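1. Okay, sequence plus prediction incoming.
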Amino acid sequence: AVGETVTGLAVGSAVGETVAGLAVGSAVGETVTGFAVGSAVGETVTGFAVGSAVGETVTGLAVGSAVGETVAGFAVGSAVGETVTGFAVGSAVGETVTGF
């Protein structure tokens, strides 16, 4: 780890990572207060994130790969520029989901 701060459990290599919960995998500039699995670039996780994320912000649960995704609820699948405040399953480009 380079510049890593860990108050919980971190497994893997991290650059500039701040972990207050559990992080598994390699992270660049990742902030984790909940649980993150996989590789993340600029990811902020306060809930649960599984998979690879670029610029992803997760306050709920996200599974899969996301580019620029903001998740406040639950998202499963791959999303580009997706904003989810409810529940989304599948792949979305520029999708905004506030319900299901």
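-> Looks like it arrived, so ask away. Numbers count the residues shown, from 1 in each chain.

2. can you give me how far the worst-scoring helix or strand of the chain on mean pLDDT is from the chain middle?
-> Here the helix or strand of the chain ranked lowest by mean pLDDT, DSSP states H and E is strand 92-93, holding a mean of 82. Put simply, strand 92-93 sits 17 Å off its chain's centre (Cα atoms, centre = their mean, to the nearest Å).

3. One more: stretch 28-44?
-> In terms of Cα atoms, centre = their mean, the centre of stretch 28-44 is found 6 Å from the chain centre.

4. and if you look at stretch 78-94?
-> In terms of Cα atoms, centre = their mean, the centre of stretch 78-94 is found 13 Å from the chain centre.

5. got the end-to-end distance for that stretch?
-> Counting by Cα to Cα, to the nearest Å, you get 11 Å between the two ends of stretch 78-94.

6. so Val76 sits right up against Val89, yeah?
-> Yes. Counting by Cβ atoms under 8 Å, Val76 does reach Val89; the two are 4.7 Å apart. In short, each C-beta sits where N, CA and C put it, glycine included.

7. more neighbours, these two?
-> More crowded of Val76 and Val89, by other Cβ atoms under 10 Å: Val76, with 17 against 13.

8. So that one versus Ala23, what's the distance?
-> Look at Val76 and Ala23: by Cβ to Cβ, to the nearest Å, they are 20 Å apart.

9. Check Glu43 too.
-> 10 Å.

10. Can you give me the buried ones in stretch 84-97?
-> 84-85, 88, 92, 95, 97 (16 or more other Cβ atoms under 10 Å).

11. can you give me the end-to-end distance of it?
-> The straight-line separation of the ends of stretch 84-97 (Cα to Cα) is 5 Å.

12. ok, now stretch 76-88?
-> End-to-end distance of stretch 76-88 (Cα to Cα): 6 Å.

13. ditto for stretch 36-55
-> In stretch 36-55, first residue to last residue: 14 Å (Cα to Cα).

14. What mean pLDDT does it get?
-> Mean pLDDT, stretch 36-55: 91.

15. Who are the contact partners of the residue nearest the centre of the chain?
-> By Cα atoms, centre = their mean, the chain has its centre lying nearest to Ala49, at 4.3 Å. Neighbouring residues of Ala49 by Cβ atoms under 8 Å, 6 or more residues apart in numbering: 34-38, 40, 43, 56, 58, 61-63.
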